[in-house]
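[1] quick check, what structure comes out for this input:
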Amino acid sequence: MAKIKPFKAVRPTRDKVSLVAARSYQSYTQDEREARLDHNPFSFLHIINPGYKYHKEISGKERYGLVRNRYLEFKEDDIFVQDEKPCFYIYRVVNREQKVFTGIVAAASTEDYKNNVIKRHEDTIEYREQIFKEYLKTVGFNAEPVLLTYPDSSVIKRVLKSYTETRAEFEFTTTYRDTHYLWLVENTEDIKMIQDEFSKMDAIYIADGHHRSASSFLLGEDLKNSNPNHTGNEAYNAFMSYLIPESELRISEFNRLIKDLNGLSKEQFLLKLDESFRIENRVHELYKPSRKHHFSMYLDGEFYSLHLRKTSYEFTDSLSELDTHILYVTILKPILNIIDLRNDNRIDYGSDKHNVIEMKNRIDSGEFAVGFGLVPVNVEEMKRIADEGLTMPPKSTFIEPKLRSGVTIYEF
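    Coordinates of the predicted model:
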């Protein structure tokens, strides 16, 4: 039984939302960040990069306090205003390919996270959880929702349609040519209808944002334990989420790029691969696999197709059927000695619709020795992994949509 709540979002004013909204900090190149910071005083980047005004790199707890100060300055200058009533927020993104994503920004329950009603499929790293928990505790807000997915509901779809056929509160197009829309759901009957539908769901799933949800849960536990008057209704008992139906979730693959062949010659490497795969040299064809358990490989200026020899591989559970896991246990670990997928600096990942060309270019440049392409994971695979209490290897899924930070802000 999933619990979601409306909340009083802090939002940019309508005239400034397009200037405030920002992609995640890491997605910008240094030149892009500097251009936005130089020429746009309203960008959310000024809040999360508070040292910019002092021309100084600031990190750790000192940065957290300054982030809080910049945020309060935006509120004092009426760039941000808080809604008077708790709302759900319908957020729609239409990307440059005219793919439409429509979901609900809401407060999801940390108790649901604890009790595995909100299910996860990725491991998290403890020190990153702790760092982000301390960041949240200091700044007192969350500006980037966790992406959750739920089974398609005709009732919720009908409610959303009744709003999206009206004029949006926000409508703006980014330089990426994505158009963003926001509608407010203030009507108590509509809010209850949405909540009732979610209460019928046994589980909802984290699609993107495992560390953010884990850190929010840890923060809630800290604040609960330090509050003698804890009631369970405090804002820290929830975290901001963007809930989207499974049918609209878009999952792409991450390619794997490896810097060396672990001391093997090209011929020795191919012979070892032959134990687990049927190999075909595609020469200069930009080959992409189209079926599960098929992989592409780029090595020494040529593409290869790799088809798993099922007679030499045993399927035991949902994880063993996952292509990212198969690649790890048959090639990366035993042949290339890539043990720690999160921290080994010999491996890198790429995800983009042009990632085959990008992989080829990075290998041709000599930066990497070999690269592997995979078929994307689908929603059902992701759910099975979560249902069985298993975890995918890192960088198994590149999830869309990606929302802009600073459009809705959750305070606690």
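[2] tell me the helix or strand right after the longest strand seen in the chain.
    Using DSSP state E, we find that the single longest strand of the chain is strand 100-109. Next along the chain after strand 100-109, taking DSSP states H and E as the criterion, comes helix 110-114.
[3] contacts only, for the residue nearest to residue 331 when sequence neighbours are not counted.
    Spatially, and ignoring its direct neighbours in sequence, residue 331 is nearest to residue 273 (6.8 Å; CB to CB, 6 or more residues apart in numbering). Every residue, glycine included, has its C-beta placed from N, CA and C. By CB atoms under 8 Å, 6 or more residues apart in numbering, the residues touching residue 273 are 279, 297, 306, 331, 335.
[4] what's stretch 256-269 in contact with?
    272, 299-300, 327, 332, 335-338, 345-350, 359, 362-363, 367-372, 374, 395.
[5] looking at these, which are in strands?
    Reading strands off the contacts of stretch 256-269 with DSSP E, I get 299, 347-350, 370-372.
[6] going through those residues, which ones are buried?
    Neighbour-count burial (16 or more other CB atoms under 10 Å) applied to the ones in strands among the contacts of stretch 256-269 gives 299, 347-348, 350, 370-372.
[7] quick one: which two of the contacts of residue 273 are the most distant?
    Distance extremes for these: the farthest pair is 279 and 335 at 13.3 Å, using CB to CB.
[8] neighbour count winner among these two?
    Neighbours of residue 279 and residue 335, each counted by other CB atoms under 10 Å, are more numerous for residue 335; the result is 18 against 14.
[9] tally of neighbours for the closest residue in space to that one that isn't next to it in sequence?
    Nearest residue to residue 335 in three dimensions, chain neighbours excluded: residue 272, at 5.0 Å (CB to CB, 6+ apart). Number of residues near residue 272 (other CB under 10 Å) recorded here: 17.
[10] what's the domain layout of the protein?
    4-251+400-411, 254-375 (automatic domain parsing).
[11] run the chain-centre distance for the last one.
    Meaning domain 254-375. Relative to the chain's own centre, domain 254-375 is displaced by 24 Å; criterion: CA atoms, centre = their mean, to the nearest Å.
[12] so how far is the first residue of that domain from its last?
    9 Å (CA to CA, to the nearest Å).
[13] what's residue 223 sitting at in phi/psi?
    In terms of degrees, to the nearest 10, the main-chain angles of residue 223 are phi -70, psi -30.
[14] so what's it up against?
    Neighbours of residue 223 in contact, by CB under 8 Å, 6+ apart: 137, 234, 236, 412.
[15] can you give me the pLDDT of it?
    Note for residue 223: predicted pLDDT of 96.
[16] re earlier: where's the residue nearest to residue 331 relative to residue 192, distance?
    As judged by CB to CB, to the nearest Å, residue 273 and residue 192 stand 57 Å apart.
[17] any low-confidence regions in the stretch 251-400 of the chain?
    352-354 (pLDDT under 70).
[18] do that again at 90, thanks
    For the stretch 251-400 of the chain, applying pLDDT under 90 flags the ranges 310, 312, 341-343, 350-356, 394-395.
[19] quick one, helices of it?
    Assigned by DSSP state H, counting those that start in this stretch, the helices in the stretch 251-400 of the chain fall at 266-273, 323-327, 355-364, 379-387.
[20] fine by me, thanks again.
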